[in-house]
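Novice: only the shape, not the letters, is given here:
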């Protein structure tokens, strides 16, 4: 018989995910970037033990260029 997860764990996982999405949204906004579809993926709540996925969504090519410009550059050999 499968053990039941602690319901508090699910609530904490959702709260942590919401906080992470809000922090990402704020950080992106500081760089002048808006991802209109940034959210927690609703279907991921439907699992027996919810642990939400973050949906970054679609964006324009201009947003892709801006994201690329603000992300730190890595040396090719550092990967």
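Specialist: That came through fine. In this text the structure is predicted, and so the values were computed from the model without any measurement.

Novice: what lies in contact with stretch 47-64?
Specialist: 5, 9-10, 13-14, 17, 20-21, 24, 33-41, 44-45, 67 (C-beta atoms under 8 Å, 6 or more residues apart in numbering). Where C-beta positions appear, they are placed from N, C-alpha and C, glycine not excepted.

Novice: can you turn the buried part of those into a PyMOL selection?
Specialist: This is how PyMOL selects the buried members of the contacts of stretch 47-64, with burial counted by 16 or more other C-beta atoms under 10 Å:
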select buried, resi 10+14+17+21+33+35+38+40
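
Novice: quick one: mean pLDDT over the helix with the most length in the chain.
Specialist: Counting residues, the longest helix found in the chain (DSSP state H) is helix 7-30. Average pLDDT, helix 7-30: 89.

Novice: just checking, next helix/strand downstream of it?
Specialist: Per DSSP states H and E, the first helix or strand lying C-terminal to helix 7-30 is strand 39-40.
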